[in-house]
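Novice: Here is my input, please return the structure:
(2 chains)
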Amino acid sequence: MNRIRLIWRKSLNVFMLTMTGVAALAVVSVLFLILGYLIVNGGRSLNWAFFTQLPKPVGEVGGGMANAIVGSLKLLLLAALTGLPIGLLAGVYLAEFGGKTFSFITRYTTDLLNGVPSIVIGIFAYSLFVLPVKHFSTLAGGFALGIMVIPITVRSTEEFLRAVPGTLREGAMALGASKWRTIATVVLPAASGGIITGMLLALARVAGETAPLLFTAFSNRYWSPGWTQPIASLPVMIYTYAIAPYDDWHRQAWAAGLVLLALVLLANLGCRFVLNRRGFTRSV
Amino acid sequence: MASTAHGNSAAAARLAPEMKHPDNSAIVHESNGKLRFEISHLNFFYGPKQAVFDLNLNIPKNRVTALIGPSGCGKSTFLRTLNRMNETIRNTRVEGEILLDGQDILQMDVVGLRRRVGMVFQRPNPFPKSIYENVAYGLRINGYKGRLHDLVEHSLRRAALWDEVKDYLHKSAFALSGGQQQRLCIARALAVDPEVLLLDEPCSALDPVTTAKIEELMFHLKDSCTLAIVTHNMQQAARASDFTAFMLDGKLIEHSETSKLFTTPKDPRTEAYITGRFG
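Specialist: The predicted structure follows:
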């Protein structure tokens, strides 16, 4: 009897270990499959012209997506400028100041906002910034992305601030620092590594968003001067090129996907490198 | 916040008549009458739960006062009322009078008070900054405009840490050992030149060698500073303090010169505690 139970227990153990291992492997391999597929298909059409030239007219082979790369960066800059400060401050509020009821409401609302389909956020920005002026604009696209940045930033900021030990706050306050001073000079720096990583993840997440841009920033086959005109972006270009009936456009769509992924990865790695060099954030 | 003296003494009489006035006259006498803190009828509450009951205690200048007692007896809570650190905890309330050099601290600006009354915590809590910036922190937030470097060096010397870190001032404070970190926290507190240094079980996370270093440090700091230390370690109280206060269940049971308290305790409960029969 005991022997049977022992065998049963051991085999269950092996079974569960295998299942979790297989799942973990699946996670890793999905990422590497995507990456490999992008490199194989996109790498071939990636050349200098892709980064420097505008899209060629329909029917002509070649050309690039310089305007879409710059466009994506401009949209992300706007998203960062609108979404990150609000997300950061709201996260600080939740972690450091918030009373019970209002914090609960804010947290719940933030989670809801995070769950709002991106296309709905696009419609919202459309009705707010596009309809009144009757044309698509960079600002409207940046605003839509900015809204999507907020909830992710709020929650990650709050979580990393909560992980800062309370003894650090006490240490600063015992030296006569006010609450705000304590947060600004001790708590935020201690959590900065995590907070910045969270912000980057938020930006990386919206860098690939297509739906909210379709009727806000729209797209543009040329350079977009200033901030009030429609602008091209990598995700929308991928969308447009991938469903077009031209082989050359398909290849360029792959290349755009690869560039988008590379931009996100580079930003992530660069940020980690800087944070590690500073070296003070690791042990918190 | 402070209630009337009448109300307090009535409450005190109700609570425990025999400990209404712990004998402070001896303390005054032994320290030549110079008192840094005069605490009378102190009550402290966490929400509805009272943690300190009608406590009367004087802390003499340039001496080390040790607070001993079993866990949860309110000694840390009491220590933290002296620089109003408990105000950072929600739903707390303090009643009574705490005089620092004759001034009521409950009426003072809390930032000014904490500058004058520094604190070292149970676990070393250096900021995630360089060693130098840790010590300079208090000076910077207080808008100090003089020569920062001299004061940083002076503070590190006072905390007996200078020789060990002088070549690594711009390294992260986390690179230091636990004992060094605790001395760094002492240097950080000393940098703003406080009149009083409160130590909340500063050695409980440290090994005996480092503990000895910190006790020696306390001995030297007495010249320029008044110290109050909470400790679980009775040997430490006996070695390092001039006066000892024994607390039990939020009440002050006995307070006298350390040598007297440990050799001829007046209260049977003090005797029971120091001989290890409970706590």
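Novice: quick check, stretch A:150-168 touching chain B?
Specialist: Yes: for stretch A:150-168 and chain B, the contact criterion (C-beta under 8 Å from any C-beta of the partner chain) is met by A:165, A:167-168. Glycine gets a C-beta too; all of them are placed from N, C-alpha and C.
Novice: In CSV, list those along with neighbour count, pLDDT and secondary structure.
Specialist: Formatted as CSV, the residues of stretch A:150-168 next to chain B follow (neighbours: other C-beta atoms under 10 Å in any protein chain shown; pLDDT from 0 to 100; DSSP: H, G, I helix; E, B strand; the rest coil):
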residue, neighbour count, pLDDT, secondary structure
A:Pro165, 13, 92, coil
A:Thr167, 15, 92, helix
A:Leu168, 21, 94, helix
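Novice: Looking at these, which is nearest chain B?
Specialist: For the residues of stretch A:150-168 next to chain B, the minimum distance to chain B (C-beta to the nearest C-beta) is 4.0 Å, reached by A:Thr167.
Novice: what's the helix or strand for B:Asp54?
Specialist: Using DSSP states H and E, B:Asp54 maps to strand B:49-60.
Novice: OK, now which residue of the stretch 1-150 of chain A is nearest to chain B?
Specialist: Nearest residue of the stretch 1-150 of chain A to chain B, counting by C-beta to the nearest C-beta: A:Gly99, 9.7 Å away.
Novice: can you pull out the helices in the chain?
Specialist: Picking chain A for this. A:2-45, A:48-52, A:66-92, A:100-115, A:118-125, A:138-162, A:166-174, A:179-182, A:188-207, A:211-214, A:234-242, A:247-278 (DSSP state H).
Novice: wrong one, chain B
Specialist: Ranges of helices within chain B are B:5-15, B:25-30, B:75-81, B:110-116, B:131-141, B:148-158, B:162-165, B:178-190, B:208-221, B:234-240, B:258-263, B:268-274, based on DSSP H.
Novice: From A:Arg181, how far off is the residue of the stretch 1-150 of chain A closest to chain B?
Specialist: 21 Å (C-beta to C-beta, to the nearest Å).
Novice: Please apply the same query to B:Asn233.
Specialist: Here B:Asn233 is placed at a distance of 34 Å from A:Arg181 (C-beta to C-beta).
Novice: Let me see the backbone angles for the residue of the stretch 1-150 of chain A closest to chain B.
Specialist: phi -80, psi 170 (degrees, to the nearest 10).
Novice: That one: neighbouring residues, count only.
Specialist: Counted by other C-beta atoms under 10 Å in any protein chain shown, the residues lying close to A:Gly99 total 9.
Novice: can you pull the contacts of it?
Specialist: Under the criterion of C-beta atoms under 8 Å, 6 or more residues apart in numbering or on different chains, A:Gly99 has no neighbours.
Novice: Which pLDDT value does the model give it?
Specialist: As predicted, A:Gly99 sits at a pLDDT of 81.
Novice: Next: B:Tyr273.
Specialist: On the pLDDT scale, B:Tyr273 gets 92.
Novice: wait, it sits on B:Leu248?
Specialist: Yes: with contacts counted by C-beta atoms under 8 Å, B:Tyr273 reaches B:Leu248, the gap being 7.3 Å.
Novice: list residues touching both of these two?
Specialist: Residues touching both B:Tyr273 and B:Leu248 (C-beta under 8 Å, 6+ apart) are B:69-70.
Novice: A:Val206 reaches A:Ile150, doesn't it?
Specialist: No: contact criterion C-beta under 8 Å: A:Val206 and A:Ile150 do not qualify, at 10.3 Å.
Novice: I'd like the distance between A:Ala172 and A:Cys271.
Specialist: From A:Ala172 to A:Cys271 the distance is 26 Å (C-beta to C-beta).
Novice: So between these two, which is more surrounded?
Specialist: A direct count of neighbours by other C-beta under 10 Å for A:Ala172 and A:Cys271 places A:Ala172 higher, at 25 against 15.
Novice: any idea how far that one is from B:Leu261?
Specialist: 35 Å.
Novice: What count of nearby residues applies to A:Ala163?
Specialist: Neighbour tally, A:Ala163, other C-beta under 10 Å: 12.
Novice: from memory it sits against A:Ile195, does it?
Specialist: No: applying C-beta under 8 Å, one finds A:Ala163 not in contact with A:Ile195, separated by 10.5 Å.
Novice: re the thing from before, which parts of the strand holding B:Asp54 are buried?
Specialist: B:50-60 (16 or more other C-beta atoms under 10 Å in any protein chain shown).
Novice: now stretch A:181-192
Specialist: A:181-183, A:185-192.
Novice: filter those residues down to the ones close to chain B.
Specialist: Within the buried residues of stretch A:181-192, those near chain B by C-beta under 8 Å from any C-beta are A:181, A:185-186, A:189-190.
Novice: Save those as JSON lines, and put in distance to B:Arg158 too.
Specialist: Listed next are these as JSON lines, based on distance: C-beta to C-beta, whole Å:
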{"residue": "A:Arg181", "distance to B:Arg158": "25"}
{"residue": "A:Thr185", "distance to B:Arg158": "23"}
{"residue": "A:Val186", "distance to B:Arg158": "23"}
{"residue": "A:Pro189", "distance to B:Arg158": "26"}
{"residue": "A:Ala190", "distance to B:Arg158": "26"}
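Novice: can you list the weak-confidence ranges in the stretch 151-284 of chain A?
Specialist: Along the stretch 151-284 of chain A, segments meeting pLDDT under 70 span A:277-284.
Novice: for the closest residue to A:Pro165 other than its chain neighbours, what are its contacts?
Specialist: Closest residue to A:Pro165 apart from its sequence neighbours, by C-beta to C-beta, 6 or more residues apart in numbering or on different chains: B:Asn125 at 7.2 Å. Going by C-beta under 8 Å, 6+ apart, B:Asn125 touches A:165, A:167-168, A:170-171, B:185.
Novice: For B:Asn125, grab phi and psi.
Specialist: Phi and psi for B:Asn125, reported as degrees, to the nearest 10, are phi -130, psi 60.
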